[in-house]
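Undergrad: Attaching a predicted model along with its sequence, questions to come.
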Amino acid sequence: MASTEVSKQMRMQQMFIGGEWCGALDGGTYAKINPYNGEIVSQVAAAKRLDARRAVEAAAAAFPAWRETPPAVKRRLFLKAADLLESRQAEIANLMI
């Protein structure tokens, strides 16, 4: 398969900023290519400086509430996240190509 061929089921990978999935502010994307076969497997949001600033500002805004979250609650959240990651291992590995 040629490296320029695009799959009919192309995935668009976005950023998660401020509790929402979003693309780059300027709409930019780049092709993510499978190194094994050269196939384009997805389009990825191409973050730039303003996107990074937006992410840092969202994280800073969320930090006061996170700082006040009791350790036991944080532990439960992290264990739930670990369980979800483990249960979706194959799907996540597929996204890593």
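TA: Ah, there it is.

Undergrad: Which pLDDT value belongs to residue 85?
TA: Residue 85 is assigned 94 on the pLDDT scale.

Undergrad: So what's the residue count around it?
TA: The tally of other residues near residue 85 (other Cβ atoms under 10 Å) stands at 11. Any C-beta I mention is one placed from the backbone N, CA and C, and that applies to glycine too.

Undergrad: Repeat that for residue 48.
TA: 12.

Undergrad: Just to check, it is in contact with residue 23?
TA: No - shown here, residue 48 and residue 23 do not form a contact pair, counting by Cβ atoms under 8 Å, at 11.4 Å.

Undergrad: Let me see the ranges of the helices in this protein.
TA: 49-68, 71-87, 89-95 (DSSP state H).

Undergrad: Against which helices or strands is the first one packed?
TA: In this case it means helix 49-68. strand 15-17 (3 or more Cβ pairs under 8 Å, 6 or more residues apart in numbering; DSSP states H and E).

Undergrad: Can you tell me what sits against the strand it packs on?
TA: Outside of strand 15-17, the residues within contact range by Cβ atoms under 8 Å, 6 or more residues apart in numbering are 21-24, 45, 47, 51, 54-55, 58.
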